[in-house]
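*Asks:* starting from these lines, generate the structure:
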Amino acid sequence: MGTGKNGTFDKNPDWKRWAVLEVYDTPTVTPSFFTWWWKIFKTTNTVYELVPIEGHGLWDGKQVFGDLPKQSDYEGKIAVLTRATIKLSGLKRFWAHVDAIAEQMASAPGFITSVGIGEVPFIKQATFSIWESKEQMRSFAYKLPLHKEVIKKTHQEKWYSEDMFTRFKVIEG
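*Replies:* Sure, this is the predicted structure:
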């Protein structure tokens with residue numbers, strides 16, 4: 001999948017950064033095609049080993065991480081994948097809010113890193129972010145007035161035809 005610049009969505013892709021998401025039923029040590037590709041071209045890569053712990057929603061009509069509880073008791077370092085298919089009628093409103101939210105996220109307490117990911121440019125977007133704790137991530141997502149307001153608008157104005165929110169325990173990375 002392609003990525004945006006500066007750790008967020010961008011109308012101009014970052015041609016030097018790509019995202020690969022591999023899902024396994026059990027832990028694996030078998031190198032994937034991508035591992036081989038990275039070695040051949042001597043690329044720099046960052047790999048995160050994650051275990052899905054909570055979430056809801058669908059990705060192309062599927063529960064790609066299984067049937068997860070909406071909440072868990074886990075409070076440690078957490079990775080979050082938010083993914084949405086944006087309706088054509090919601091594109092302008094969605095993109096009008098991206099920069100301000102990205103700026104606030106980058107300076108939020110507990111924020112470690114993020115990358116904006118696009119499966120289909122402008123329409124199928126995801127954010128992968130890592131936080132020091134679930135509480136710090138929740139403070140950004142649900143207590144920061146601007147982000148809280150954008151969440152409200154996405155529901156009221158029905159920007160998405162589909163969305164998925166999944167949280168992961170960070171095992172390695």
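
*Asks:* which secondary structure elements does the lengthiest strand in the chain sit against?
*Replies:* Ranked by number of residues, the top strand in the chain under DSSP state E is strand 160-172. Counting contacts by 3 or more C-beta pairs under 8 Å, 6 or more residues apart in numbering; DSSP states H and E, strand 160-172 is packed against strand 49-57, strand 78-86. In this view, the C-beta of every residue, glycine as well, is placed from N, C-alpha and C.

*Asks:* what's in contact with that strand?
*Replies:* Here strand 160-172 makes contact (C-beta atoms under 8 Å, 6 or more residues apart in numbering) with 47-61, 64-65, 68, 72, 74, 76-87, 90, 130, 134, 137, 154.

*Asks:* hey, where'd the helices end up in the protein?
*Replies:* When assigned using DSSP state H, the helices of the chain occupy the ranges 33-40, 91-106, 134-138, 145-156.

*Asks:* alpha carbons of the first one, as CSV, please.
*Replies:* This points to helix 33-40. Once non-C-alpha atoms are left out, helix 33-40 reads as follows in CSV (Å, rounded to 0.1, in the frame of the first residue of the first chain):
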residue,chain,number,x,y,z
PHE,A,33,8.2,-12.4,-0.4
PHE,A,34,8.6,-8.9,0.9
THR,A,35,11.5,-9.8,3.3
TRP,A,36,13.3,-11.3,0.3
TRP,A,37,12.5,-8.2,-1.8
TRP,A,38,13.9,-5.8,0.8
LYS,A,39,17.1,-7.8,1.1
ILE,A,40,17.7,-7.8,-2.7
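
*Asks:* ok, residue 22 - contacts?
*Replies:* 32, 34.

*Asks:* make JSON lines from the helices of the chain and add distance to residue 12 and mean pLDDT to it.
*Replies:* Shown next, in JSON lines, are the helices of the chain (distance: least, C-beta to C-beta, whole Å; pLDDT from 0 to 100):
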{"stretch": "helix 33-40", "distance to residue 12": "24", "mean pLDDT": "76"}
{"stretch": "helix 91-106", "distance to residue 12": "12", "mean pLDDT": "87"}
{"stretch": "helix 134-138", "distance to residue 12": "27", "mean pLDDT": "94"}
{"stretch": "helix 145-156", "distance to residue 12": "22", "mean pLDDT": "89"}
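
*Asks:* closest to residue 14 out of those helices?
*Replies:* Ranking the helices of the chain by proximity to residue 14 (C-beta to C-beta) places helix 91-106 first, at 13.5 Å.

*Asks:* thank you, goodbye.
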